[in-house]
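1. One predicted model, sequence on top.
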Amino acid sequence: MIAWSARFPKWKYPLGYWRLLCARQRFFDRIGVKRSERGFRIGKIPGDQSRIAALKGSGAGKPCFIIGNGPSLKQTDIFRLNNEITIAANGAYKAFNDWGFAASYLLFEDVEQTEIRGPEIRHINGPLKIAALHNAYAIARPWKDLLFMNARLADDAYWDDPGIQFSRDFPQTVYLGSTITYIALQLAYFLGCDPVYLVGVDHDYGRLSDDFAPGKITVTVENQALVNKAHFTDQYYKIGDMIGVPNVDLQTQAFEIARAAFESDGRNVLNATHGGKLEVFERIDFNKLFESNA
């Protein structure tokens, strides 16, 4: 299934179909020609699903930092995370030069977000990029350092029946929680990380979520200031971009489900965000994390 938005240019449909077919082909293991020290041979080529599966437990017992895109990042010394396992998403790559490092993982799932970032994704160096398979149509090739995940599409039925789910098998299926931070939590769980710290996850969109109902809106001259205040940089979106106004209540439900999943496994998620309104997770001072390590 293709989930492109109504704004995706029709003249790009053929190219989009071709990209999606290529992504589906590489998602599963397949038989093909492989290069070896002895030349070329026929053998099994691991698909993206198998390559993601190989990450299981790679962060076992190690801390992980999920970096949100909230304005509190401007008050956070992110460079301290240079040598940590970090998961970021969407337009976070715009700050990599300022941070002095690239996140370990960079996630994309939202349809409009991926259409906006699609042409640039192949030029992002450093992180392992993981994008929703159904959005492959929007991502320019070659797909360097990028894997596709099987993320469930957000139809109306999902939220009510069976409701928000939490994946303990990331390569199999990834579930939505009205924020890509929820997908990042599922990845951190699969990696085996403990504890998991949230940074820049403000859970506060100011007047943007007061003036607009949850759903898609276009960035205009009139609302651009509200959009900017909800992110760590004024360059996160440009006028004409379509963005999602989040459903904060659904996000809160998702975070509660994630907390229960981690705690049932004897692991913890802690909120190291400076300020913000997320109270689902126990709070911890970001700076004190590094004082104790020292």
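-> Arrived safely, thanks for sending. Numbering: from 1, shown residues only.
2. From now on I want contacts and neighbour counts done on CA atoms only, so please keep to that.
-> Noted.
3. Show the residue spans covered by the strands in the stretch 1-150 of the chain.
-> 30-36, 39-45, 64-67, 85-89, 105-108, 128-132, 146-149 (DSSP state E, counting those that start in this stretch).
4. Single out the most deeply packed of the ones you listed.
-> strand 64-67 (a mean of 26; mean count of other Cα atoms under 10 Å).
5. Contacts for it, please.
-> Residues outside strand 64-67 that contact it (Cα atoms under 8 Å, 6 or more residues apart in numbering) are 81, 84-89, 181, 184-185, 188, 193-201.
6. Give me the subset of the residues you listed lying in helices.
-> Counting by DSSP state H, those place T181, A184, L185, A188 in helices.
7. Of these, just say which sits nearest to Y17.
-> A184 (27.4 Å; Cα to Cα).
8. is it true that that closest one touches T86?
-> No. Judged on Cα atoms under 8 Å, A184 makes no contact with T86 at a distance of 9.7 Å.
9. what are the ranges of the helices in the stretch 101-250 of the chain?
-> 111-121, 156-160, 180-191, 207-211, 224-229, 248-264 (DSSP state H, counting those that start in this stretch).
10. what distance separates stretch 30-45 from the middle of the whole chain?
-> 32 Å (Cα atoms, centre = their mean, to the nearest Å).
11. can you count the residues close to D211?
-> 11 (other Cα atoms under 10 Å).
12. I'd like to know which of the strands of the stretch 1-150 of the chain is closest to R19.
-> Short answer: strand 146-149, nearest of the strands of the stretch 1-150 of the chain by Cα to Cα, at 11.9 Å.
13. Just the CA trace of the closest one, in CSV.
-> The C-alpha coordinates for strand 146-149 follow below in CSV (Å, rounded to 0.1, in the frame of the first residue of the first chain):
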residue,chain,number,x,y,z
LEU,A,146,19.0,3.2,5.4
LEU,A,147,16.8,0.3,6.4
PHE,A,148,13.0,0.1,6.1
MET,A,149,10.8,-0.9,9.0
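14. who are the neighbours in contact with D241?
-> D241 touches I116, T218, V219, counting by Cα under 8 Å, 6+ apart.
15. repeat that with 7 Å
-> T218, V219 (Cα atoms under 7 Å, 6 or more residues apart in numbering).
16. Out of the strands of the stretch 1-150 of the chain, which gets nearest to K288?
-> That would be, of these and by Cα to Cα, strand 64-67, which comes in at 14.5 Å.
17. Mind exporting the C-alpha coordinates of the closest one to PDB?
-> Presented in PDB, the C-alpha positions along strand 64-67 are these (Å, rounded to 0.1, in the frame of the first residue of the first chain):
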ATOM      1  CA  CYS A  64      20.300   5.200  25.600                       C
ATOM      2  CA  PHE A  65      19.200   8.700  25.000                       C
ATOM      3  CA  ILE A  66      16.100   9.500  22.800                       C
ATOM      4  CA  ILE A  67      16.400  13.000  21.600                       C
END
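18. Just give me the residue closest to the centre of the protein.
-> L107 (3.1 Å; Cα atoms, centre = their mean).
19. distance between the ends of stretch 267-276?
-> End-to-end distance for stretch 267-276, by Cα to Cα, to the nearest Å: 23 Å.
20. just stretch 66-83 next, same as before
-> 14 Å.
21. Over to stretch 42-62?
-> 38 Å.
22. What are the buried residues along that stretch?
-> Neighbour counts over stretch 42-62 (16 or more other Cα atoms under 10 Å) mark P46, G47, D48, Q49, R51, I52, A53, K56, G59, A60 as buried.
23. do the same with stretch 159-167
-> Neighbour-count burial for stretch 159-167 [16+ other Cα under 10 Å]: I164, F166, S167.
24. Give me the contact list for it.
-> Applying Cα under 7 Å, 6+ apart, the set of residues contacting stretch 159-167 is T173, V174, Y175, L176, G177, Q186, A254, I257, A258.
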